[in-house]
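*Asks:* dropping a prediction and its sequence here:
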Amino acid sequence: MASKEICLGVGIPMMVVGALIALLLAPAGGEVADTVEFVGSLIGILGAVFFISGLFYTPHPVMH
């Protein structure tokens, strides 16, 4: 059972914000454009990790 709160509330917004930072703010960064692009990409990757972990989250331990 997936956690919608983690997927929709954390994962997707982080991916969107990371993409916006990497694509919109990096060209305007001047000297620090590479760093801004790296930080935006890192936020997007962490958002993808949160999204995937939200898919596998279960509030009850699975005992087989």
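*Replies:* Yep, that arrived.

*Asks:* can you report phi and psi for residue 28?
*Replies:* Main-chain torsions, residue 28, degrees, to the nearest 10: phi -90, psi 0.

*Asks:* for the remainder of this discussion, apply numbering that starts at 127.
*Replies:* In the new numbering, first residue 127, that becomes residue 154.

*Asks:* for residue 160, see how far away it is.
*Replies:* Applying C-beta to C-beta, to the nearest Å, the value for residue 154 to residue 160 is 13 Å. For the C-beta atoms, the positions are set from N, CA and C on the backbone; glycine is no exception.

*Asks:* what does residue 181 give?
*Replies:* Distance from residue 181 to residue 160, counting by C-beta to C-beta: 32 Å.

*Asks:* which one's more surrounded, those two?
*Replies:* Between residue 181 and residue 160, residue 181 has the larger neighbour count (other C-beta atoms under 10 Å), namely 13 against 10.

*Asks:* helix or strand: which one has the more buried one?
*Replies:* Using DSSP states H and E, residue 181 sits within helix 159-182.

*Asks:* just checking, what packs against that helix?
*Replies:* Helix 159-182 sits against helix 130-132, helix 138-146, with contacts defined as 3 or more C-beta pairs under 8 Å, 6 or more residues apart in numbering; DSSP states H and E.

*Asks:* kindly reformat those as CSV containing mean neighbour count.
*Replies:* Shown next, in CSV, are these (neighbours: other C-beta atoms under 10 Å):
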stretch, mean neighbour count
helix 130-132, 13
helix 138-146, 16
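
*Asks:* of those, which is nearest residue 190?
*Replies:* For those, the distance to residue 190 is smallest for helix 130-132, at 23.5 Å, taking C-beta to C-beta.
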